[in-house]
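In: Need a 3D model of the following:
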Amino acid sequence: MDIAARRTANPDHWNLAAAIRVLSMDAVEAANSGHPGMPMGMADVATVLFRNHLKFDASAPHWFDRDRFVLSAGHGSMLIYSLLHLTGYQQMTLDQIRNFRQLDAITAGHPEYEYVEGVETTTGPLGQGVANAVGMAIAEEAMRAEFGSELCDHRTWVIAGDGCLMEGISHEAIGLAGHQKLGRLIVLWDNNDITIDGRVSLSDATDQRARFAAAGWRVLSCDGHDAADIDRALTEAAQDDGRPTLVDCKTIIGFGAPNKADSSKAHGSPLGADEIAATRAAYGWSHAPFEIPDEILTSWREIGRRGEAARAEWQARVDALPGNARNEFARRISHDVNPRLAPTVLALKEQTLQGQPKVATRKASENVLEVLNAEMPENFGGSADLTGSNNTKTGGLGIFAPDNRKGRYLHYGIREHGMAAAMNGIWLHGGFRPYGGTFLTFTDYARGAMRLSALMGVPVVYVMTHDSIGLGEDGPTHQPVEHLAICRATPNTLTLRPCDQIETAEAWEIALTQEATPSVLALSRQNLPTLRTDVSENLTAKGAYVLREASAEPQVLLLATGSEVEIAVAARDALEAEGVATRVVSIPSMELFRAQPAEYRAAVLPAGPVRIAIEAAIRQPWDWLLLGERGQEAKAGFVGMEGFGASGPASGLYKKFGITAEAVVQRAKSLL
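Out: From the prediction side, this is the model:
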């Protein structure tokens with residue numbers, strides 16, 4: 001059916017979809033930058049979705065029981081911006097549409113969470129949205145199991161493109177979703193067969209429908225430009241049969257553009273004035289740029305109000321809950337800090353001070369979680385197939401599975417990237433604080449999603465164990481040396497490397513009170529002694545503090561983190577025995593220390609004494625502490641790694657690479 005026939009066959013639908021198309025063309029043209037083709041191609045699918053299927057209320061963007069809509073193909077951002085404006089989201093004014101991709105406008109090149117109401121997650125790096133949506137669907141299942149369908153009963157809809165499905169993270173996400181039988185997850189595939197370089201066949205021959213079916217998905221299809229056929233497919237997709245659903249929406253990129261449709265020319269650049277004029281003529285659209293006729297806008301605004309009654313009924317059910325239950329549900333969906341967190345951590349610290357355990361900080365983390373998970377039903381744990389090594393599973397959690405949606409521990413499989421992105425989605429959905437574990441070196445695999453945690457301000461917790469050459473025999477492939485530097489270099493990320501069980505408990509308290517910052521807990525494989533002597537205050541929250549004071553005015557300052565604090569203490573004792581006054585400063589978090597007042601930082605690290613940093617990693621993040629905050633030359637040294645590690649027992653590796661108390665003593669003497 002040609003465009004003229006489609007216009008006359010269903011004029012109401014055509015005009016609604018055409019409003020999306022022209023706004024997208026006009027905004028990209030005004031910005032002289034952007035991706036018009038995808039919104040033009042998926043306008044019919046989006047119109048049917050929002051008009052007939054999506055549960056939402058434009059006047060209440062944060063309504064908890066709304067359907068989640070994720071635009072994984074974030075380059076087509078004008079699709080969601082157009083929808084938000086047309087349906088009446090107050091924040092998305094026509095001026096914001098006019099200022100698409102301009103400085104300080106909320107209409108960024110790719111949709112950004114927090115800046116735009118109605119944008120559920122930041123997308124742009126392809127495939128991330130699909131994986132985030134898997135996490136949202138997991139959270140929906142878990143919250144429905146815990147609180148009942150009266151309070152949580154919604155679906156997660158995703159628009160994904162060919163590029164999303166090529167990215168490796170999509171393989172991890174669809175495998176996890178299929179295994180978990182997430183029947184309320186629906187992916188609408190914009191099957192337009194075009195990438196930036198040209199046709200998909202230039203680089204890929206995957207049978208995507210067979211691939212999804214093999215992963216346990218139901219696979220449907222429709223003509224992505226036939227409203228009735230789209231509605232048929234989406235109606236079937238909305239019927240939960242115990243499998244996630246892929247709907248293959250066959251579309252034409254740049255639909256209606258006479259000379260650029262169905263080509264890469266419509267993908268990532270403005271169509272140009274002449275092509276837009278010709279497209280408007282093909283659409284039968286005679287209105288000026290950014291002008292939407294009143295009758296069409298009125299119809300869209302009615303769509304935006306379609307969920308008002310459902311929201312009011314939901315709110316009435318929430319209001320009818322007994323007081324304690326209502327308050328707890330409100331706390332959970334708003335991510336308020338659990339009031340039991342601080343007293344539970346303090347009690348464990350006091351117990352630790354009495355018992356003086358010598359345990360790996362990964363085991364210390366398990367001990368902390370054992371008491372916290374019993375008190376905090378919002379904690380949702382998991383591991384990328386390293387449960388026994390990460391020590392992330394505690395008693396009573398139960399395994400989240402198709403036959404146990406009340407379980408709070410998820411076996412993610414060997415899917416580090418998918419795990420990290422799903423955790424983002426779990427938090428974004430609301431109701432849970434997710435944490436997940438793997439080895440610190442495998443942050444490389446999870447990096448894309450970890451960066452988005454920081455960019456979005458999503459305070460998930462990354463439990464990264466085996467944090468140095470101290471993991472031993474697995475060798476340099478598994479021994480992180482540059483990874484702490486990478487984590488510390490990432491904006492809005494807390495990297496916490498505790499030295500004993502007390503610091504580990506404090507690190508967890510910090511991580512679980514964050515509102516907009518993810519945390520990386522770098523934890524040891526090898527056993528470490530209890531070094532702290534006071535638990536009245538969360539000293540880890542200061543980022544750095546004096547762990548062992550010098551016997552007199554300090555001549556040497558020893559700075560260390562994690563497993564190397566033990567080495568610093570031993571070196572300090574040796575230097576003190578020779579009459580060299582030496583202070584040990586534990587630095588569990590450089591980010592938190594940098595945030596302290598200048599007076600406190602100067603008191604902990606006064607100018608004058610020799611400074612030596614000790615860490616079984618590269619020096620790069622340390623210079624601001626070693627050379628002083630002004631970057632001035634000082635008597636400073638570093639005892640750590642200069643290259644990759646080696647395979648062998650941990651004790652031998654520390655000697656081989658010169659990370660010993662004896663080496664620290666010699667370095668101090670040479671600098672004095």
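In: so who does the closest residue to residue 98 other than its chain neighbours touch?
Out: The shortest distance from residue 98 to any non-neighbouring residue, by C-beta to C-beta, 6 or more residues apart in numbering, is to residue 290 (5.9 Å). Quick note: C-beta positions are derived from backbone N, CA and C, even for glycine. Residues counted as contacts of residue 290 (C-beta atoms under 8 Å, 6 or more residues apart in numbering) are 23, 26-27, 94, 97-98.
In: 7 Å - rerun?
Out: Going by C-beta atoms under 7 Å, 6 or more residues apart in numbering, residue 290 touches 23, 26, 94, 97-98.
In: ditto for residue 224
Out: Here residue 224 is in contact with 44-45, 230, 249-251 (C-beta under 7 Å, 6+ apart).
In: same thing but at 10 Å, please
Out: Going by C-beta atoms under 10 Å, 6 or more residues apart in numbering, residue 224 touches 41-45, 48, 188-192, 230, 233, 247-252, 255.
In: now swap in residue 338 and tell me
Out: For residue 338, the contacting residues are 328, 331-332, 344, 372, 375-379, 433, 512-513, by C-beta under 10 Å, 6+ apart.
In: Quick one, which of those residues are buried?
Out: 328, 332, 344, 372, 376, 378-379, 433, 512 (16 or more other C-beta atoms under 10 Å).
In: can I get those in JSON lines with pLDDT?
Out: Shown next, in JSON lines, are the buried ones among the contacts of residue 338 (pLDDT from 0 to 100):
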{"residue": "328", "pLDDT": "97"}
{"residue": "332", "pLDDT": "98"}
{"residue": "344", "pLDDT": "98"}
{"residue": "372", "pLDDT": "98"}
{"residue": "376", "pLDDT": "98"}
{"residue": "378", "pLDDT": "98"}
{"residue": "379", "pLDDT": "98"}
{"residue": "433", "pLDDT": "98"}
{"residue": "512", "pLDDT": "98"}
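In: Go through the residues you listed and name the one nearest residue 126.
Out: Set against residue 126, the nearest of the buried ones among the contacts of residue 338 by C-beta to C-beta is residue 433 (27.3 Å).
In: I'd say the closest one and residue 518 touch.
Out: No. Assessed by C-beta atoms under 10 Å, residue 433 is found out of contact with residue 518, at 11.1 Å.
In: Overlap in contacts, those two.
Out: Common contacts of residue 433 and residue 518 (C-beta under 10 Å, 6+ apart): 423, 427, 459-461, 511.
In: Out of those, which sit inside strands?
Out: Using DSSP state E, residue 461 are the members of these that sit in strands.
In: ranking the shared contacts of residue 433 and residue 518 by neighbours, who comes first?
Out: Within the shared contacts of residue 433 and residue 518, most neighbours by other C-beta atoms under 10 Å means residue 423, with 34 neighbours.
In: OK, contacts around that residue?
Out: For residue 423, the contact set (C-beta under 10 Å, 6+ apart) comprises 131-132, 135, 138-139, 380-382, 410, 412, 432-436, 446, 449-450, 453, 458, 460-462, 518.
In: Against residue 334, how distant is residue 405?
Out: Applying C-beta to C-beta, to the nearest Å, the value for residue 405 to residue 334 is 22 Å.
In: Which one of these two is surrounded by more residues?
Out: Between residue 405 and residue 334, residue 405 has the larger neighbour count (other C-beta under 10 Å), namely 17 against 11.
In: All the helices of the stretch 301-450 of the chain, residue numbers only.
Out: Remark: helices assigned in the stretch 301-450 of the chain by DSSP state H, counting those that start in this stretch are 308-319, 323-334, 341-355, 361-375, 387-390, 416-429, 443-456.
In: Now render those helices as a markdown table, adding distance to residue 621.
Out: Below are these laid out as a markdown table (distance: least, C-beta to C-beta, whole Å):
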| stretch | distance to residue 621 |
| --- | --- |
| helix 308-319 | 46 |
| helix 323-334 | 35 |
| helix 341-355 | 27 |
| helix 361-375 | 19 |
| helix 387-390 | 24 |
| helix 416-429 | 22 |
| helix 443-456 | 15 |
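In: and residue 611, which of those helices is closest to it?
Out: For residue 611, the closest of those is helix 361-375, at 24.6 Å, according to C-beta to C-beta.
In: CA atoms only: put that closest one into CSV for me.
Out: In CSV, the C-alpha atoms belonging to helix 361-375 read as follows (Å, rounded to 0.1, in the frame of the first residue of the first chain):
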residue,chain,number,x,y,z
THR,A,361,37.4,-8.5,52.8
ARG,A,362,35.2,-10.5,50.4
LYS,A,363,34.3,-12.7,53.3
ALA,A,364,33.9,-9.6,55.5
SER,A,365,31.5,-8.3,52.9
GLU,A,366,29.5,-11.6,53.1
ASN,A,367,29.4,-11.2,56.9
VAL,A,368,28.1,-7.6,56.5
LEU,A,369,25.5,-8.7,54.0
GLU,A,370,24.4,-11.6,56.2
VAL,A,371,23.1,-9.1,58.8
LEU,A,372,22.0,-6.4,56.4
ASN,A,373,20.0,-8.6,54.0
ALA,A,374,18.0,-9.9,57.0
GLU,A,375,17.0,-6.3,57.9
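In: Next, the angle helix 341-355 makes with that helix.
Out: Here helix 361-375 points in a direction 130 degrees away from that of helix 341-355 (axes from the mean of the first three to the mean of the last three C-alpha atoms, to 10 degrees).
In: from the chain's centre, how far out does helix 361-375 sit?
Out: Distance of helix 361-375 from the chain centroid (C-alpha atoms, centre = their mean, to the nearest Å) equals 23 Å.
In: which of the residues in that helix are buried?
Out: Quick answer for helix 361-375 (16+ other C-beta under 10 Å): 361-369, 371-373.
In: and which of these is nearest residue 599?
Out: Nearest to residue 599 among these, with distances taken as C-beta to C-beta, is residue 361, at 30.4 Å.
In: Next up, the contacts around that closest one.
Out: With contact set as C-beta under 10 Å, 6+ apart, residue 361 has these partners: 367-368, 391, 465, 467, 497-501, 503-504, 507, 521-528, 562-563.
In: same thing but 8 Å
Out: 498-501, 503-504, 523-524, 528, 562-563.
In: per-residue pLDDT, it?
Out: pLDDT for residue 361: 98.
In: Dump stretch 181-188 to PDB, keeping only the CA atoms.
Out: The C-alpha coordinates for stretch 181-188 follow below in PDB (Å, rounded to 0.1, in the frame of the first residue of the first chain):
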ATOM      1  CA  LYS A 181      10.700 -16.200  31.500                       C
ATOM      2  CA  LEU A 182      10.000 -12.500  31.800                       C
ATOM      3  CA  GLY A 183       6.500 -12.600  30.200                       C
ATOM      4  CA  ARG A 184       5.800  -8.900  30.600                       C
ATOM      5  CA  LEU A 185       8.800  -7.800  28.700                       C
ATOM      6  CA  ILE A 186       8.100  -6.800  25.000                       C
ATOM      7  CA  VAL A 187      10.700  -5.700  22.600                       C
ATOM      8  CA  LEU A 188       9.500  -4.000  19.400                       C
END
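In: All the helices of the stretch 551-672 of the chain, in order from the start?
Out: All helices of the stretch 551-672 of the chain, identified by DSSP H, counting those that start in this stretch, fall at 565-577, 590-594, 598-604, 623-626, 650-656, 661-671.
In: again, but for the stretch 101-250 of the chain
Out: Counting by DSSP H, counting those that start in this stretch, the stretch 101-250 of the chain has helices at residues 128-147, 162-166, 168-180, 208-214, 227-237.
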